[in-house]
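Trainee: How does the following fold in three dimensions:
(one chain, ligands or ions: 1)
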Amino acid sequence: MFSLPDLPYGYEALEPAMSAKTLHFHHDKHHATYVKTLNELLDQEGRSPASLEDVIRQSAGGGASAAKLFNNAAQAWNHAFFWQAMSPHAAKPGDDLQSAIQSSFGGLAQLREAFVKEGAAHFGSGWVWLVADGGKLAVKSTHDAHDIVTDAATPLLVCDLWEHAYYLDYQNDRKAYLEAWFDALPNWPFAASQLAAANGNGQPWRFAAPTAVAKAA
Ligand code: MN3
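Mentor: Numbers count the residues shown, from 1 in each chain. Have a look, this model is predicted:
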């Protein structure tokens with residue numbers, strides 16, 4: 001079964017951009033429920049997959065019967081990636097990442113503008129991503145649970161656009177949330193390691209492998 005990953009920092013660590021109250025609800029309730037439901041669905045189907053990425057790929061586009069499994073698997077993955085994509089330590093992109101941002105967007109300010117615009121304009125729930133795709137960086141958004149696992153692109157960063165991610169701190173002002181998020185929270189060293197992996201240096205981040213569950217005979 002898959003485990004709910006711990007936050008890589010304390011609940012207060014991302015304040016004031018993201019409150020401890022938001023993180024408690026978001027991690028301990030929302031993310032936990034996706035992981036719990038995922039494990040229940042896999043148990044019902046008698047499946048013991050090798051990785052969460054396998055579950056996502058196998059259930060993607062699988063019609064109504066696979067949709068619930070896909071949604072919970074993808075949301076388990078997306079939230080774990082989202083926690084990694086944030087850091088309490090404000091930093092600037094390192095040299096390699098900065099030069100990729102420069103060549104793809106013209107600079108960090110232009111990336112910020114594109115990221116905030118894409119996220120603010122995204123209709124309904126979803127995610128806004130910075131990805132590496134075919135040697136270029138790009139900003140894209142996905143709907144609901146949809147992720148980048150089934151995509152050729154490699155995700156570098158993600159910001160959660162579901163209301164549960166920001167409503168306690170920003171009410172309906174998603175744009176203010178995105179601006180504060182981009183200015184304070186991106187984990188640029190993590191994004192740089194994802195970019196290196198996209199370029200063949202090292203492995204991209206993966207969800208922790210499931211632990212075996214002893215089955216009754
Ligand atoms: Mn969420």
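
Trainee: Excluding chain neighbours, what is closest to A85?
Mentor: Once flanking residues are discounted, A85 sits nearest to L157: 4.6 Å by Cβ to Cβ, 6 or more residues apart in numbering. Backbone N, C-alpha and C define where each C-beta goes, glycine included.

Trainee: partners of the helix or strand harbouring the one you found in the sheet?
Mentor: Element membership for L157, per DSSP states H and E: strand 154-160. With DSSP bridges as the test, strand 154-160 is paired with strand 126-133 (antiparallel).

Trainee: and the helix or strand following the strand holding L157, what does it pack onto?
Mentor: Next helix or strand after strand 154-160 toward the C-terminus (DSSP H and E): helix 167-170. Applying 3 or more Cβ pairs under 8 Å, 6 or more residues apart in numbering; DSSP states H and E, we find helix 167-170 packed against helix 20-23, helix 174-184.

Trainee: Buried residues of the helix or strand following the first one, list them for me.
Mentor: On the C-terminal side of helix 20-23, the nearest following helix or strand under DSSP H and E is helix 32-44. Of the residues in helix 32-44, Y34, V35, T37, L38, N39, L41, L42 count as buried by neighbour count, 16 or more other Cβ atoms under 10 Å.

Trainee: swap in stretch 117-126?
Mentor: Residues of stretch 117-126 classed as buried: E118, G119, A120, H122, G126 (neighbour count, 16+ other Cβ under 10 Å).

Trainee: Quick check: which element contains the third one?
Mentor: Using DSSP H and E, the secondary-structure element containing A120 is helix 108-121.

Trainee: Could you list the contact residues of this structure toward the ion?
Mentor: Within the chain, the residues that sit near the ion (Cβ under 5 Å from the ion) are D160, W162, A165.
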